[in-house]
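**Student:** For reference, the sequence and a predicted model appear below.
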Amino acid sequence: MAAQPSVNVARLTYLLVCMAVGTALSLSTKGTGLEVSLWMGVTGGVAVAGFFILVETLIRGFSLRGFSTATFGLGVGLFCAWLLSRVQISSLFELAFRGSDLDSKPLALTFDLGLYASFGFIGVVLALRSSRDDFAFIIPYVRFRQDASSGQPLVLDTEAVMDGRVAAILRAGFLHGRLIIPRFVLDELHVLANSPSTAHRHRGERGLASLEQMQTAKDIQVSIHDANGMPPETPMNTRLVETTRLLGARLMTGDETLTKVAKLQNVPVLNIQELVDALKPVIAVGAGLRIALVRPGKEDHQAVGYLADGTMIVVNHAVQKMGSTIDVVVISTLQTSAGTMIFAEPVAG
């Protein structure tokens with residue numbers, strides 16, 4: 001959106017141009033039978049400029065995107081009116097008033113004008129109320145290009161909804177786009193929330209609470225996707241991949257298996273756990289750290305501390321410092337199935 005000072009400069013320039021046009025008009029009529037005085041020309045120019053500036057102020061929230069959408073709706077409405085006019089409904093007026101003194105042609109013309117105006121208005125309003133998915137439904141094989149600022153939509157699976165970190169990732173600016181929750185994902189959350197298993201019930205309730213928070217947030221767009229042409233017995237992963245492909249979206253999940261399935265089918269997928277792993281700091285040998293020692297290690301002389309992401313650091317010859325925060329230097333790292341273990345020594349001095 002243009003900055004307010006720039007808009008004011010444009011308004012002032014337009015006002016001056018209208019005044020100049022009014023002045024030129026008054027000067028051009030001198031010596032003719034329709035002579036216009038100078039003050040009338042200037043006043044007329046100011047009046048015209050004031051009218052259009054008022055109109056511009058009233059449509060301040062109407063963007064170029066809205067204008068193009070309204071134009072599309074107007075075209076659809078006028079096309080529908082044209083189809084009805086081909087039925088020759090207006091010819092009924094000629095039949096109704098045949099033999100009378102009343103001229104039926106103006107009535108027929110008025111009826112056609114009202115028909116086009118009414119359908120044009122309805123088309124504009126319906127288009128402005130519609131979303132991009134509605135346009136994709138009207139034009140099945142044509143999709144509007146996503147803006148760089150809005151990004152592709154994100155289809156969330158059950159794991160991503162229950163994870164609870166999606167909203168924070170969006171607010172941090174790392175991701176953009178509207179969140180789409182398929183109806184069958186919502187149904188699965190309801191099943192989990194009503195499960196007799198305490199663990200499943202807590203996970204389902206946490207997912208529903210997370211979804212409710214995202215729906216009520218003003219800075220996050222969430223929609224429930226109902227269209228589903230697949231039978232209920234279709235596997236969940238297949239339904240998620242096909243829904244994502246149908247919507248031209250990206251799939252967000254925390255499930256490693258679903259991530260592999262989506263990648264094999266060339267469907268864009270974002271794995272939350274992969275993002276977490278990518279953001280973990282890379283600790284190299286020789287790096288200095290400040291760590292709080294919280295428990296003894298495997299060996300008698302070792303003490304153990306943890307980084308903010310949960311990475312365990314084993315500090316040699318530091319059992320006497322347990323319960324305090326010390327400076328250490330990394331001497332080696334070990335990659336395990338549970339993650340990376342780091343071995344360190346206290347800094348001398």
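**Tutor:** The structure has been received and is ready for your questions.
**Student:** my guess is residue 46 meets residue 22, correct?
**Tutor:** Yes: counting by CB atoms under 8 Å, residue 22 is a contact partner of residue 46 at 7.4 Å. All C-beta spots, glycine's among them, are computed from the backbone N, C-alpha and C.
**Student:** Those two: who's more crowded?
**Tutor:** residue 22 (23 against 14; other CB atoms under 10 Å).
**Student:** so residue 205 sits right up against residue 194, yeah?
**Tutor:** No: using CB under 8 Å, residue 205 is not in contact with residue 194, being 9.6 Å away.
**Student:** more crowded one of the two?
**Tutor:** residue 205 (16 against 11).
**Student:** The more buried one sits in which helix or strand?
**Tutor:** Per DSSP states H and E, residue 205 falls inside helix 198-216.
**Student:** Restricting to C-alpha, output that helix in CSV.
**Tutor:** The C-alpha atoms that make up helix 198-216 are tabulated as CSV, following Å, rounded to 0.1, in the frame of the first residue of the first chain:
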residue,chain,number,x,y,z
THR,A,198,-5.4,-41.5,28.6
ALA,A,199,-2.3,-40.9,26.5
HIS,A,200,-4.4,-40.7,23.3
ARG,A,201,-7.0,-38.6,24.9
HIS,A,202,-4.5,-36.0,26.1
ARG,A,203,-2.9,-35.8,22.7
GLY,A,204,-6.3,-35.3,21.0
GLU,A,205,-7.3,-32.7,23.5
ARG,A,206,-4.0,-30.9,23.0
GLY,A,207,-4.4,-30.9,19.2
LEU,A,208,-7.9,-29.5,19.4
ALA,A,209,-6.8,-26.8,21.8
SER,A,210,-3.9,-25.9,19.5
LEU,A,211,-6.2,-25.7,16.5
GLU,A,212,-8.7,-23.5,18.4
GLN,A,213,-5.8,-21.1,19.3
MET,A,214,-4.7,-20.9,15.7
GLN,A,215,-8.3,-20.3,14.5
THR,A,216,-8.9,-17.4,17.0
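**Student:** Pull out the buried positions in it.
**Tutor:** 203-208, 210-211, 214 (16 or more other CB atoms under 10 Å).
**Student:** nearest to residue 298, of these?
**Tutor:** Residue 298 lies nearest to residue 203 out of the buried residues of helix 198-216, by CB to CB, at 33.6 Å.
**Student:** Let me see the contact set for the closest one.
**Tutor:** By CB atoms under 8 Å, 6 or more residues apart in numbering, the contact set of residue 203 is 162, 192.
**Student:** separation between residue 216 and residue 177?
**Tutor:** 19 Å (CB to CB, to the nearest Å).
**Student:** burial of residue 301, as a residue count?
**Tutor:** Neighbours of residue 301 (other CB under 10 Å): 12.
**Student:** Actually, residue 166.
**Tutor:** Counted with other CB under 10 Å, residues neighbouring residue 166 total 23.
**Student:** Nearest spatial neighbour of it, chain-adjacent residues omitted?
**Tutor:** Spatially, and ignoring its direct neighbours in sequence, residue 166 is nearest to residue 160 (5.9 Å; CB to CB, 6 or more residues apart in numbering).
**Student:** cool, and residue 126?
**Tutor:** Spatial nearest neighbour of residue 126, chain neighbours left out: residue 73 (5.9 Å); criterion: CB to CB, 6+ apart.
**Student:** Okay, and the one you found sits in which element?
**Tutor:** Here residue 73 sits within helix 64-85, counting by DSSP H and E.
**Student:** tell me which residues of that helix are tucked away?
**Tutor:** 69-70, 72-74, 76-78, 80-81.
**Student:** Over to stretch 280-294?
**Tutor:** In stretch 280-294, counting by 16+ other CB under 10 Å, buried: 283, 289, 291, 293.
**Student:** swap in stretch 39-52?
**Tutor:** Neighbour-count burial for stretch 39-52 flags 41-42, 44-45, 48-49 (criterion: 16+ other CB under 10 Å).
**Student:** in this protein, which segments are predicted with low confidence?
**Tutor:** 1-4, 31-34, 61-63, 87-108, 131-151, 227-230, 337-339, 349 (pLDDT under 70).
**Student:** what residues go with each domain of it?
**Tutor:** For the chain, automatic domain parsing gives the domain ranges 4-58, 64-130, 154-278, 282-346.
**Student:** what's the offset of the longest one from the middle of its chain?
**Tutor:** The one in question is domain 154-278. Put simply, domain 154-278 sits 16 Å off its chain's centre (CA atoms, centre = their mean, to the nearest Å).
**Student:** what about residue 177, how many residues close to it?
**Tutor:** 19.
**Student:** wait, doesn't it sit right on residue 156?
**Tutor:** No: counting by CB under 8 Å, residue 177 does not reach residue 156; the two are 11.0 Å apart.
**Student:** re the thing from before, contact partners for the residue nearest to residue 166?
**Tutor:** 166, 252-254, 272.
**Student:** now do 10 Å
**Tutor:** Listed by CB atoms under 10 Å, 6 or more residues apart in numbering, the contact set of residue 160 reads 154, 166, 179, 181, 185, 207, 210, 251-255, 258, 270-272.
**Student:** May I see the buried residues of helix 64-85 organised as a markdown table, with distance to residue 304 added?
**Tutor:** Shown next, in a markdown table, are the buried residues of helix 64-85 (distance: CB to CB, whole Å):
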| residue | distance to residue 304 |
| --- | --- |
| 69 | 60 |
| 70 | 65 |
| 72 | 64 |
| 73 | 65 |
| 74 | 70 |
| 76 | 68 |
| 77 | 71 |
| 78 | 75 |
| 80 | 73 |
| 81 | 77 |
